[in-house]
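> Need a 3D model of the sequence below.
(2 chains)
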2 protein chains.
Amino acid sequence: MQLDKVLHQSEVAFEQYKTISLADRASFLRAIADQLEGIKEALIPTACEESNLPEGRITGELGRTTGQIRLFAKYVVDGTWLEATIDHGDPGRTPVPKPDLRRMLVPLGPVAVFGASNFPLAFSTAGGDSISALAAGCTVVYKGHPGHPKTSLMVFEAIQKAIAEAGLPQGVFQHIEGGIAEGQALVQHPAIKAVGFTGSFKGGKALFDLANDRSEPIPVYAEMGSINPIIAFDKALGQQEQVAGQYAQSLTLGAGQFCTNPGVIFVPSSIAASFAQNTGKFLADTAGQKMLHDGIQTAYNESLDKLATSGELKWIQKAAGKETGHPALALTDLDTWIKEEALQEEVFGPFGIVVGYDSKEALLQAARSLQGQLTITLWASEEELADQGALISALQEKCGRLLFGGVPTGVEVGHAMQHGGPFPATTDSRSTSVGVYAIKRFARPFAFQNCPDSLLPDVLKDANPLGIFRTMDGVVGR
Amino acid sequence: MQLDKVLHQSEVAFEQYKTISLADRASFLRAIADQLEGIKEALIPTACEESNLPEGRITGELGRTTGQIRLFAKYVVDGTWLEATIDHGDPGRTPVPKPDLRRMLVPLGPVAVFGASNFPLAFSTAGGDSISALAAGCTVVYKGHPGHPKTSLMVFEAIQKAIAEAGLPQGVFQHIEGGIAEGQALVQHPAIKAVGFTGSFKGGKALFDLANDRSEPIPVYAEMGSINPIIAFDKALGQQEQVAGQYAQSLTLGAGQFCTNPGVIFVPSSIAASFAQNTGKFLADTAGQKMLHDGIQTAYNESLDKLATSGELKWIQKAAGKETGHPALALTDLDTWIKEEALQEEVFGPFGIVVGYDSKEALLQAARSLQGQLTITLWASEEELADQGALISALQEKCGRLLFGGVPTGVEVGHAMQHGGPFPATTDSRSTSVGVYAIKRFARPFAFQNCPDSLLPDVLKDANPLGIFRTMDGVVGR
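Numbers count the residues shown, from 1 in each chain, chains lettered A, B, ... in the order given. Model (predicted):
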């Protein structure tokens, strides 16, 4: 069977790839970035054509993709992420000698990665999941997204060239195509040791369940999006028109096709209607954009149709048509929003709900009943928040990133980013899929006991030849 | 319902407990250790009586328990474990301002802990799971082990006194009793955010499945034991009698009731029979010990009866009786051992299999077919291992701790210990249940974006008032 062959190659390649030096791993990653830049003249128009995303956006996304690859390359050699920890032994200790113990993170093995349609570069073939798995020392079997097959193969060829340049086996990164059945078979294959996924709740949860039903369960890191509430206090809404414009802009960015799209905003009920009207004006002036593919357009249309019949929403702006992703906005009150679970589900596209709340107490209750989110945003002055410790505490339990001002769209790639959150935003709140800590998803701790120095990896040798930060007998240092 | 009340108290207590300072959390942990020492005159005989373990062992275990509590107290205030990471913003960056991002680990919430019968103190009520959860800032609902109910309640009362002394709500640590149904209801309760478990594969896997079937799946850290192979090369067996004695001693320690008990040893086939005979002599001289409880004795007897009828083993030493845990030893060859999966299953008790191997190549194949283990031990000289890179690499994929000499029983509590391993040794190879890193099981990353300094926790304030190691704009320092 073809898949068996692919996975066998991945396992064989893993045995070699996991042993190369951190510096060589970093060079390999940089070579991928170089190869991608080398094909940008052909890659950018192809990605634009397949995703319906404008050239400026795709150009920016390529920069984001190569930037994050180079960030991982730097982070890999830094080595702090390996959590190298040494407890020296004491053969003379009584009643029993103290062993010499040396612990570090080691790669999990071959990883299956599923890319996202909304980021054909940054969250796809050479996106954050693939690159962080490679950075951790894992091999990757990537399942191409059917939404951008040519783009995916072009990126794959660039990675193959980088592999050849680095003198690594081609099994380090492999590309398979197919539909749901092929994806399921990949996750169920015994050689796969972890899964990275970005996409819908339905898709991510299905892979999570499959992975847990294996005879050897494996971790699944599925980032499944959320509705990313914004909570606005009075003072932040002082300049209503400006603030409404900011919300409308974030809501319609990229036709609302971001996992951090703010699908709901909580506003004091005294001004909820006027805020909604102001936002609606901006949306009326925002042209519909072609969505990523027909399936997403259809899903968006169906979601709006379903909500239109619910009777629980006052429509401020109805979508101006069904051929592209036209913005839409509705208004309701907090009690209704909490009672009707359908209103809390993500609508992938430029649709928002303005929810009026009567009091801070009601808001606190609502916060405690929220589902897990990638982000929650507070629009409030420092003074207004001074006595809102309980609210901030409750919101912290419900998200991975809490913003004070600004908008959740635009996920900075860096060291301190957390892009993940409590279920159902992701299947594993202990992880991030953006930023350098994403590497830790694909590693596990391993300890050597009383191992001769000659047999230890450089990371753990007494002389610290790599000069990395380590914890030595309980003290961090180099 | 009673359980609802317990969990409601746990949630309410969590809101307060998670906010106390690291120093106060550490003081609280030390108070638990002090309270336990204060009741040792009554606690030790009770634990001995309920577990059938000798006084010396229980006295040592109490020292281990209080020692690890104080280690966690020290580790909590050290703060490195919080992975505090700050990326300063740049409002002037174009085309978009760079946000200020600050990331740290935050506690998961109320944790359910299930203790082990074989460590009535160190892996039970105030054992590693409970203490690491408290250290992380989680509240705990502990399900008492029916094997040592009085011991469990005594320890619980000691913790309650420490809670009162610290001025914390009693909901920080609660104790429930019951059987399997009560344990299942606890894991299924929506307020529970993670599970710690030490025990059998059957029990751990059942809780893992329940947790994944919840509408909000949660992590389960189940340490389920393994057979902890020892692999012996020729030179290590030069002084056969001495080495056989070392193996026999580790195999029968505590009546074999350790999760790191070495249930199988691989020996060159040319000397397998004589090694087995030598080991058998030691075992014949080792008296049977009363096992932890009747259920374990029965399970041990049944396992040996089942193996006795398999016809695949040559018995070197049969158990001298069924009333206590008498040592037993059998001999077989590598092909048979690999073919018969029943021989690879853990027998909880003082039973071992000596497996003869014909070549290093056969050993490598066997290594690649091993199930996940907590530990694997190599008995070989540095010279013998110099060309065994492939074997060491294969073994690394199959365990959490690789020992060079010595025996796997005796799990050192420290910074560098890894007590965990690939499934089925544990349900989560990314974690350890012994050593300071156990704390990370009960935390998740969380990021503040553009948060005013006044609203940030001390861990992330610009001035670094706690003086902890942090990653600042990509550089580790204080």
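
> Poorly predicted segments of the stretch 351-478 of chain A, please.
Across the stretch 351-478 of chain A, nothing is flagged by pLDDT under 70.

> 90 instead, please
Low-confidence segments of the stretch 351-478 of chain A (pLDDT under 90): A:478.

> tell me the strands in it, going along the chain?
Remark: strands assigned in the stretch 351-478 of chain A by DSSP state E, counting those that start in this stretch are A:351-357, A:373-379, A:399-404, A:443-449, A:470-472, A:475-477.

> who wins for proximity to residue A:184 among the ones you listed?
Closest approach to residue A:184 among the strands of the stretch 351-478 of chain A (Cβ to Cβ): strand A:443-449, 24.5 Å. C-beta coordinates here come from the backbone N, C-alpha and C atoms, glycine included.

> And the closest one, what does it pack against?
strand A:101-107, strand B:399-404 (3 or more Cβ pairs under 8 Å, 6 or more residues apart in numbering or on different chains; DSSP states H and E).

> how about the first one: buried residues?
Okay, so that is strand A:101-107. Under the neighbour-count criterion of 16 or more other Cβ atoms under 10 Å in any protein chain shown, strand A:101-107 has A:101, A:102, A:103, A:104, A:105, A:106, A:107 buried.

> what's near enough to touch the nearest residue to the last one once chain neighbours are set aside?
This points to residue A:107. Take residue A:107 and drop its neighbours on the chain: the residue closest to it by Cβ to Cβ, 6 or more residues apart in numbering or on different chains is residue A:137, 3.4 Å away. By Cβ atoms under 8 Å, 6 or more residues apart in numbering or on different chains, the contact list for residue A:137 reads A:17, A:18, A:25, A:106, A:107, A:442, A:443.

> Beta-bridge partners for the fourth one, please?
When you say that, I think you mean residue A:106. residue A:444 (DSSP bridges).

> ok, it touching residue A:444?
Yes: the pair residue A:106 / residue A:444 is scored as a contact, 6.3 Å apart, by Cβ atoms under 8 Å.

> circling back: among the buried residues of strand A:101-107, which pair sits farthest apart?
Farthest pair in these (Cβ to Cβ) is A:101 and A:107. Separation: 20.4 Å.

> residues contacting the residue in the stretch 101-250 of chain A positioned nearest to chain B?
Residue of the stretch 101-250 of chain A nearest chain B, by Cβ to the nearest Cβ: residue A:101 (3.8 Å). Residue A:101 is in contact with A:86, A:87, A:89, A:447, A:448, A:449, B:412, B:414, B:416, B:417, counting by Cβ under 8 Å, 6+ apart.

> Would you mind putting these into CSV with distance to residue B:377 alongside?
Converted to CSV, those look like this (distance: Cβ to Cβ, whole Å):
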residue, distance to residue B:377
A:86, 20
A:87, 18
A:89, 16
A:447, 12
A:448, 12
A:449, 8
B:412, 14
B:414, 19
B:416, 17
B:417, 15
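
> nearest to residue A:145, of those residues?
Set against residue A:145, the nearest of the contacts of residue A:101 by Cβ to Cβ is residue A:447 (38.6 Å).

> Please name the spatially closest residue to that closest one (chain neighbours excluded).
Nearest non-adjacent residue to residue A:447, counting by Cβ to Cβ, 6+ apart: residue B:418, 3.7 Å away.

> So residue A:422 is in contact with residue A:395, correct?
No: under the criterion of Cβ under 8 Å, residue A:422 is not in contact with residue A:395, lying 11.3 Å apart.

> what sits against residue A:393?
By Cβ under 8 Å, 6+ apart, residue A:393 lies in contact with B:15, B:18, B:19.

> swap in residue A:170?
Residue A:170 neighbours (Cβ under 8 Å, 6+ apart): A:9, A:13, A:160, A:163, A:164.
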